[in-house]
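Participant: Fold the following.
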Amino acid sequence: MGCLSVDGIVCGIAQLDNEVFVASESSTSIAVFSFQGRQNFSKQQDVVVGELTTPPRDIAASAKFEKLFVAGCGGVWQLARSSWGQWKMEGHAVTKVEPVSLSVNATRLLVTERRRLTVLDIDKRKRKLTSLPENVRAEHALETSWGTFVVCGRVAAEKPGVMEVNRRCGVVRMCDPRYLGLPCYLSAFSGDEADFLAVDSVNQSVILLSSGLDVVRVFLDRHHDGVAQPRRVVKYGYFLVGHSKSSDDRLGLVSLYGPHKSALQPLPDQ
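Facilitator: Residues are numbered from 1 along each chain as shown. Down below sits the predicted model:
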């Protein structure tokens, strides 16, 4: 397992080629690390986003288009690498939104707000809106390859929820909430997007969900893996997990785990 640290709780992780980008709640700049092997990260020059007056809410990257996306108050900004290797602002990718998180697939950016989702075709600059069910307050979402969305957050009566919704605002299936505290972030687990990881910030764990959103196992947790206050997980063949060292620690950590880390922990008895 490799590990890198930033000042403040991690609120965004992205990777392009051998560079890892980390946003934290203590800075408007984005920390950059050069990934040079399983346990070797080298700190690079920060990406300064002058348009931000508060820390980013999330970041995401498109390998296909070599773009970095930064969610902030009122919109999502888009940056591109210049010919001399520096990141430069290209302006807004999406405006008139209040994003809480971002995700990217091969060609599309998904902006999650509390009550709706915005899908942007990155090359065509076309956007489509999908309203969420009335009782859902979203934290994060992924667009599936079969045209639906997996959404995590809270549902009626402030209950935790992970659900699959279609573009007509209908709920396709839901995860059993008994094992959830507050699911706040999602990642594909397998290459075919058939399984998912969900970060649970209340239970301080990362859990594995099947394609049918059944809870399979605990993938990482505070007691066995030292993953305290987990906030983010992203997949790049391996997993980058944003967390803290302890429950009262303000130092942000990003740890690297392979898909076949130590034996998965069983679910607690309910």
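
Participant: All the helices of the chain, residue numbers only.
Facilitator: 222-225 (DSSP state H).

Participant: Where does the prediction get shaky in it?
Facilitator: By pLDDT under 70, the low-scoring segments of the chain are 1-2, 37-39, 191-193, 260-270.

Participant: switch the cut-off to 80
Facilitator: Within the chain, the ranges that satisfy pLDDT under 80 run 1-2, 35-40, 125, 157, 190-194, 237, 246-250, 258-270.

Participant: How much space separates Leu253 from Ala14?
Facilitator: 16 Å (C-beta to C-beta, to the nearest Å). C-beta here means a position set from N, CA and C on the backbone, and glycine is covered the same way.

Participant: Comparing those two, which shows the higher neighbour count?
Facilitator: Ala14 (25 against 22; other C-beta atoms under 10 Å).

Participant: contacting residues for the residue nearest to that one when sequence neighbours are not counted?
Facilitator: In this structure, Ala14 finds its nearest non-sequential neighbour in Ala61, 3.8 Å apart by C-beta to C-beta, 6 or more residues apart in numbering. Counting by C-beta atoms under 8 Å, 6 or more residues apart in numbering, Ala61 makes contact with 14-16, 21, 67-69, 104.

Participant: tell me which of those is nearest to Asp46?
Facilitator: The closest of the contacts of Ala61 to Asp46 turns out to be Phe21 (C-beta to C-beta; 9.6 Å).

Participant: Can you give me the distance of that closest one to Ala61?
Facilitator: 7 Å.

Participant: Now list whatever residues contact both of the two.
Facilitator: The contact sets of Phe21 and Ala61 overlap at 14-15, 68 (C-beta under 8 Å, 6+ apart).

Participant: From these, which land in strands?
Facilitator: Among the shared contacts of Phe21 and Ala61, the members found in strands (DSSP state E) are 14-15, 68.

Participant: Could you pull up the contacting residues of Gly72?
Facilitator: Per C-beta under 8 Å, 6+ apart, neighbours of Gly72: 49, 51-52, 54, 56-57, 99.

Participant: From Thr112, how far off is it?
Facilitator: For Gly72, the distance to Thr112 - C-beta to C-beta - is 14 Å.

Participant: can you list residues touching both of these two?
Facilitator: Common neighbours of Gly72 and Thr112 (C-beta under 8 Å, 6+ apart) are Pro99.

Participant: sorry, back to before: list buried residues within the contacts of Gly72.
Facilitator: Neighbour-count burial (16 or more other C-beta atoms under 10 Å) is assigned, among the contacts of Gly72, to 49, 52, 56-57, 99.
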